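**Q** sequence unknown, structure follows:
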């Protein structure tokens, strides 16, 4: 059986083989952006909300290629990157930086960073930026309102109540170790450096789980069809369901806070046409494309000068600044450094509760 890290290596090798065999990404040449993004809604968001207008304004062509995992793609192309940009999570970027696989930048390289609060930036020990923070979603509790009330989950600790035995879903170890243990640690009086309380609370919640969902498509089905009553999940997924007219789903931001999940646009180490990549990163850091991404997919701007349109603010239920104040923003470098150990702990908990 492959371990979590064995699976990641296998995925990277598989992606590399597919990429070179099928030629789905051409090497980036002068004055062009070649970017890796997750498939489906993420790739579409980057093409429509970012690339289209950037091309119109600069004349620089942008190709956004859908891949299963941008992080794995960067690893697979170590030493010979085909892309000069990729969108990844903060914890993925921290791991890539640790392994010497992405470029770092000064504030002068990315002047638009001045509009991003310091706590929403990702930097190395030397203070250099690891990329351009672009947008975030947040990790709270998804609820099927035919089976439970949002008020039933005012606290993260409510997921551990005996009444929800066999009615919850939790995510797989790579994400539970990174997201669940962190937010549950905060809910238990700890933080990303001390997740002891988070481990204990996750153990109780896992005991209530009917299943471990392996993809967002699966969790979408579980929560929308009422196969589970609730579970830790992503704001963008419920945002999309509600925009599509689904009535029996809602999203709770617990009283202890939800976990901000920020995304950063990075450049693979040694990527071609670095100067064009910098232009792309600076453009992605501006408010206009970030707000288009909000309207299209429910990702919220990390540029602090962005003002949500009335329709988005109404759906959110509060001003953007008020939302940010309710979100937990941990040190992702700490989380990345502890990922291996914590993933093993989560695997043991899930195995015990099967």
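**A** Perfect, I can see it now. Remember, predicted model here, so these are calculated numbers, not experimental data.
**Q** where does this structure have low pLDDT?
**A** Where the chain drops to pLDDT under 70, the residues are 1-30.
**Q** strands along that one, start to end?
**A** 33-38, 62-67, 85-89, 132-144, 168-171, 209-213, 230-234, 249-252, 258-266, 300-301, 327-328 (DSSP state E).
**Q** pull the distance from the second one to the chain's centre.
**A** So that's strand 62-67. Once both centres are worked out by CA atoms, centre = their mean, to the nearest Å, strand 62-67 turns out to sit 18 Å from its chain's centre.
**Q** what sits up against that strand?
**A** Contact partners of strand 62-67, identified using CB atoms under 8 Å, 6 or more residues apart in numbering, comprise 15, 19, 24-26, 32-40, 42-43, 46-47, 50-51, 54-55, 73, 83, 280. No exception for glycine: its C-beta is placed from N, CA and C like everyone else's.
**Q** for these, which PyMOL command selects only the ones that are buried?
**A** With 16 or more other CB atoms under 10 Å as the criterion, this PyMOL line picks the buried residues out of these:
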select buried, resi 15+19+25+32+33+34+35+36+37+38+42+43+46+47+50+51+54+73+83+280
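**Q** give me the neighbour count for residue 106.
**A** 12 (other CB atoms under 10 Å).
**Q** pretty sure it sits against residue 126.
**A** No. Counting by CB atoms under 8 Å, residue 126 is not a contact partner of residue 106; they are 10.0 Å apart.
**Q** ok, how many other residues are close to residue 225?
**A** Counted with other CB under 10 Å, the neighbours of residue 225 add up to 11.
**Q** and for residue 217?
**A** The burial count for residue 217: 11, using other CB under 10 Å.
**Q** state the distance from it to residue 237.
**A** Per CB to CB, to the nearest Å, residue 217 is found 10 Å from residue 237.
**Q** same check, this time on residue 163
**A** Computed as CB to CB, the residue 163 to residue 237 distance reads 25 Å.
**Q** between those two, which one's more packed in?
**A** residue 237 (21 against 10).
**Q** which ones are touching that one?
**A** Taking CB under 8 Å, 6+ apart as the test, what residue 237 contacts is 142, 216, 219, 220.
**Q** tabulate those (JSON lines), appending neighbour count.
**A** Shown next, in JSON lines, are the contacts of residue 237 (neighbours: other CB atoms under 10 Å):
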{"residue": "142", "neighbour count": "26"}
{"residue": "216", "neighbour count": "17"}
{"residue": "219", "neighbour count": "23"}
{"residue": "220", "neighbour count": "19"}
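**Q** which one among these gets closest to residue 257?
**A** Closest approach between the contacts of residue 237 and residue 257, by CB to CB: residue 142, at 16.3 Å.
**Q** identify the residue nearest that closest one in space, chain neighbours excluded?
**A** Sequence neighbours aside, residue 233 is the residue nearest to residue 142 in space, at 3.7 Å (criterion: CB to CB, 6 or more residues apart in numbering).
**Q** returning to that earlier point: arrange the strands of the chain in TSV, one row each, with distance to residue 119 as further columns.
**A** Listed next are those as TSV, based on distance: least, CB to CB, whole Å:
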stretch	distance to residue 119
strand 33-38	25
strand 62-67	28
strand 85-89	16
strand 132-144	10
strand 168-171	25
strand 209-213	30
strand 230-234	21
strand 249-252	23
strand 258-266	9
strand 300-301	15
strand 327-328	10
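**Q** compare those strands and give me the one nearest residue 347.
**A** strand 209-213 (10.3 Å).
**Q** ok, and what's touching that closest one?
**A** Outside of strand 209-213, the residues within contact range by CB under 8 Å, 6+ apart are 166-172, 219, 222, 227-228, 231, 350, 353.
**Q** now do stretch 149-168
**A** Under CB under 8 Å, 6+ apart, the answer for stretch 149-168 is 141, 143, 147-148, 183-184, 187-188, 201, 204-205, 207-210, 228-232, 250-252, 254-256.
**Q** how far does that stretch sit from the chain's center?
**A** 24 Å.
**Q** would you mind measuring the gap between the ends of it?
**A** For stretch 149-168, the first-to-last residue distance is 14 Å (CA to CA, to the nearest Å).
**Q** tell me which residues of it come out buried.
**A** 152, 153, 156, 157, 158, 159, 160, 164, 167, 168.
**Q** just the closest of these to residue 194, please.
**A** Of all the buried residues of stretch 149-168, residue 156 has the smallest distance to residue 194: 16.3 Å, by CB to CB.
**Q** just the buried ones from the contacts of strand 209-213?
**A** Counted by 16+ other CB under 10 Å, these give 167-172, 219, 222, 227-228, 231, 350, 353 as buried.
**Q** got the residues you listed as CSV, with distance to residue 294 columns?
**A** Converted to CSV, the buried ones among the contacts of strand 209-213 look like this (distance: CB to CB, whole Å):
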residue, distance to residue 294
167, 32
168, 29
169, 27
170, 28
171, 24
172, 28
219, 22
222, 26
227, 29
228, 28
231, 24
350, 34
353, 37
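**Q** list just the nearest of these to residue 61.
**A** Within those, the smallest distance to residue 61 is 35.7 Å, found for residue 219 (CB to CB).
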